[in-house]
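Enquirer: Okay, here's the prediction I keep looking at, along with the sequence it came from:
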Amino acid sequence: MKRALAFLAVLALVTCCKVGWTQTGKDAATSAVATPTAFPAPGTYPTTNSVTLISATPDAQIHYTVDGTQPSSSSQIFDPYKLLWVGAVNNGDTGLKTGYTIRAIAIKPGMDNSEVATFQYTIDRRDRTAYVAEDILPGVIMVRDYANDKMFLLKGSRKALLIDSGMGTGDLKGFLAHYVGGLPLEAAFTHFHGDHTGQSDKFIDDSVEYINDADRAQVVTLLTQRGASRDAINKNLRNIKDGDVLDLGDRKLTVYQVPGHTPGSIVLFEKETGYLFTGDSIGSNSPGIPDAFWMHLPSSPPLDEYLSTLEVFRSKVRGAVKRISTGHNDHPLEGAKYLDNLQQAAQSVVDQGTSVLVPSLRPAGVWQVVVGDRMQDPNWVAINVTKEGCLFTLPDKIAALSNLELSEGEAIDFSPAQLEYSTSVSKDVSKLQITPTTMSSRYRSLKINGRDAKSGNPYNAALKRGTSSFAIRVTSPDGNSEKTYTLTVTRRNE
C-alpha cells in the first residue's frame, strides 16, 4: 500500500511538471511577433491601389517580397511612408487584369519571427471606353470611368445635370442617354483638372457646360486641343459663380465658390436633400490610393486663408450638409463629420504650424496634416501642403478674423484681408448680434469697441439711429500683432 501511494505521488509530480512544461511552451509561443496584415484587404480592385503592411506588435519590422519568394530579415523593409503599389495596366484602350503577390514577415529582436503572410491582389482595369453606373443616393447616379474617377448624374423634371466628366475615350454622352431619358443634359465642372473635365469635348457642341471663370482658361485650352470650335465654346461654356442656382425643374442646386484646390473650385449643394457635390474642392479621402486634399499646388492659398473660406461656406449652409459626394470616394461621406475633420485639420496647422505635419503618402516630397485613421474612419481627412507655404505668417503672430456673421441686415462677403464692411438694417432693428471668429484659436484678445468678446460667440450690439460703427480688434497669440476690422451698420429710414 505504501509503495502504491509513493508511486501515485511520483506520478502526480511528473504530471504537474508536464503540465507546467506545456504551459511554458504556450507562453513561448505568445512571444512570437504578430503575423502581418494588409490594408486594403487582398482581393480584386478596378484601379491602382496602395498596400499598407501592419503588425500588431509594436516596433516590429516588416520585411517583404513582391516576386513570390520567401521573405527574410534580408528582404526589403516596409516603410509606412513609402507605400507598396499594385498598379492598373492598359494596353491601349484595353484594360488588363494584373495579379500581384506580396509576402511579408515581421521581425523584432528578442522575439520569434512571425509567420509568413501572403497577400494576393488583382487589378482588373476597365477599358478606357468603359463606364459603370450605380445609384448611390436617392436620385443620384454615380458614374465611374476606367480610372475610377467619379461623375454624378442628377435628373430633374426639365433637365438633367452631369457633375464633372472624368476621363476616358468612350461615348460618355451615349452611355448617359440611357439614364437621361430624352431630357436636355447640361454639365457642371467643380474645377478644371483633367480628371474632372477630361470629356468636356463630348458635350460642348450642343450642351451647356459650366465652369467658374477663374478656371475657364484651362478648360478652353483642353476643348481647343480636342477640336471644339470657338463658336461652340463661346456659346456653351458659361461662368458659374457663388450664389448661382442650377434649376433642373423640381430640383435646384446652389453654387458656392470654395477656392483652394484651384482658384475656381466650386461645390454644388441641394438644400432639399442635404447633398453636397464637391469634386476635389474640399478634398477627397479614398483610403486605398490613398487620396488627400491637394493644397500643395502652386496656386493653392495658405491654410489660414483656406480655413476662412471653409468657415464662411459652412456658415452659409448652416449645418444642412448630410452627404458629401467627392470626385474620388467610392461612397458618400457624412457631411458634418467630414467637414468637422477638415476644419480641425486646417485649424491645427493655423494654431501649431508645421509641428503637426507628417510626410505625405502621395505624392512624395510634400507634407500633410491628418485627422482620423484612414483604415478605420471613412470620414478621415488629410490635407497636403508644403512646409514653406502652408501659412501666411507664423502661428504666434496670426491676428485676423476667419469669419464675421451678423444676425440682421444684408449679408457681408467676408475675407480676412478685407478690413472694412458695411450693411444696412430696417429702422425697426435696434439690436443685432455680431459673431466674430478668430483665425487662431490661441488669440490673445478679441475686443469690440473696447469690450471683451469671445471668438465664435454672438456679441449683442445696440444700434443708434442712423449709423453705428464697430471696431473689432484681434490680438495675436504672442501679443505683438493686432488687426482691426470695422463694421458700419446703417438703420434705413424707410
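Expert: Structure received. Numbers count the residues shown, from 1 in each chain.

Enquirer: Let me see the ranges of the strands in the stretch 301-450 of the chain.
Expert: With strands called from DSSP state E, counting those that start in this stretch, the stretch 301-450 of the chain shows them at 323-326, 333-334, 358-359, 367-371, 381-385, 401-406, 420-425, 431-438, 445-448.

Enquirer: Okay, now the sheet partners of the fifth one, with direction.
Expert: Neighbouring strands of strand 381-385 in its sheet, by DSSP bridges, are strand 293-294 (parallel), strand 367-371 (antiparallel).

Enquirer: now the second one
Expert: Partner strands and pairing direction for strand 333-334 (DSSP bridges) are strand 323-326 (antiparallel).

Enquirer: CA atoms only for the strand it pairs with, dumped as PDB, please.
Expert: Presented in PDB, the C-alpha positions along strand 323-326 are these (Å, rounded to 0.1, in the frame of the first residue of the first chain):
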ATOM      1  CA  ARG A 323     -24.000  63.600 -47.500                       C
ATOM      2  CA  ILE A 324     -20.900  64.600 -49.500                       C
ATOM      3  CA  SER A 325     -20.000  63.100 -52.900                       C
ATOM      4  CA  THR A 326     -16.500  63.700 -53.900                       C
END
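
Enquirer: what's the spacing between that strand and its chain's center?
Expert: Taking CA atoms, centre = their mean, to the nearest Å, the mean C-alpha location of strand 323-326 is offset from the chain mean by 10 Å.

Enquirer: buried residues in that strand?
Expert: R323, I324, S325, T326 (16 or more other CB atoms under 10 Å). Backbone N, C-alpha and C define where each C-beta goes, glycine included.

Enquirer: and which of the residues you listed is nearest K82?
Expert: When the buried residues of strand 323-326 are compared for distance to K82 (CB to CB), T326 wins out at 25.4 Å.

Enquirer: so where do the helices sit in the stretch 301-450 of the chain?
Expert: Under the criterion DSSP state H, counting those that start in this stretch, the stretch 301-450 of the chain contains helices at 303-317, 335-352.

Enquirer: In JSON lines, list those helices along with distance to D59 and mean neighbour count.
Expert: Output for the helices of the stretch 301-450 of the chain, formatted as JSON lines (distance: least, CB to CB, whole Å; neighbours: other CB atoms under 10 Å):
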{"stretch": "helix 303-317", "distance to D59": "33", "mean neighbour count": "21"}
{"stretch": "helix 335-352", "distance to D59": "27", "mean neighbour count": "21"}
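
Enquirer: Please identify which of those is closest to P58.
Expert: Here helix 335-352 is closest among the helices of the stretch 301-450 of the chain (CB to CB), at 25.3 Å.

Enquirer: Distance to V140 and pLDDT for the buried residues of strand 323-326 - can I get that in JSON lines?
Expert: Formatted as JSON lines, these follow (distance: CB to CB, whole Å; pLDDT from 0 to 100):
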{"residue": "R323", "distance to V140": "9", "pLDDT": "98"}
{"residue": "I324", "distance to V140": "12", "pLDDT": "98"}
{"residue": "S325", "distance to V140": "7", "pLDDT": "98"}
{"residue": "T326", "distance to V140": "13", "pLDDT": "98"}
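
Enquirer: Just give me the neighbour total for R126.
Expert: 21 (other CB atoms under 10 Å).

Enquirer: quick one, what contacts it?
Expert: For R126, the contacting residues are P46, G95, V132, D145, Y146, by CB atoms under 8 Å, 6 or more residues apart in numbering.

Enquirer: and those residues, which are buried?
Expert: P46, G95, D145, Y146.

Enquirer: State the distance from the last one to L185.
Expert: With the distance defined as CB to CB, to the nearest Å, Y146 ends up 21 Å from L185.

Enquirer: what are the ranges of the helices in the stretch 101-250 of the chain?
Expert: Counting by DSSP H, counting those that start in this stretch, the segments of the stretch 101-250 of the chain that form helices are 172-180, 194-197, 216-225, 230-236.

Enquirer: okay, those helices, which one's buried deepest?
Expert: Mean neighbours per residue, mean count of other CB atoms under 10 Å, is largest over those for helix 194-197, with a mean of 22.

Enquirer: Can you spell out which helices and strands pack onto that helix?
Expert: The contact analysis (3 or more CB pairs under 8 Å, 6 or more residues apart in numbering; DSSP states H and E) places helix 194-197 against helix 216-225.

Enquirer: The helix it packs on - what's its average pLDDT?
Expert: Mean per-residue pLDDT for helix 216-225: 98.

Enquirer: And stretch 302-317, by the same measure?
Expert: So the average pLDDT for stretch 302-317 ends up being 97.

Enquirer: what does stretch 67-86 give?
Expert: Here the average pLDDT along stretch 67-86 is 94.

Enquirer: Adjust the sequence numbering to begin at 8 for everything that follows.
Expert: With the count now opening at 8, the last piece we talked about shows up as stretch 74-93.

Enquirer: list the buried ones in it?
Expert: Judged by neighbour count (16+ other CB under 10 Å), stretch 74-93 contains these buried residues: P78, S82, F85, L90, L91, V93.

Enquirer: and of these, the nearest to K323?
Expert: L90 (37.2 Å).

Enquirer: H70 is nearest to which of the helices of the stretch 108-257 of the chain?
Expert: Among those, the nearest to H70 by CB to CB is helix 201-204 (35.4 Å).
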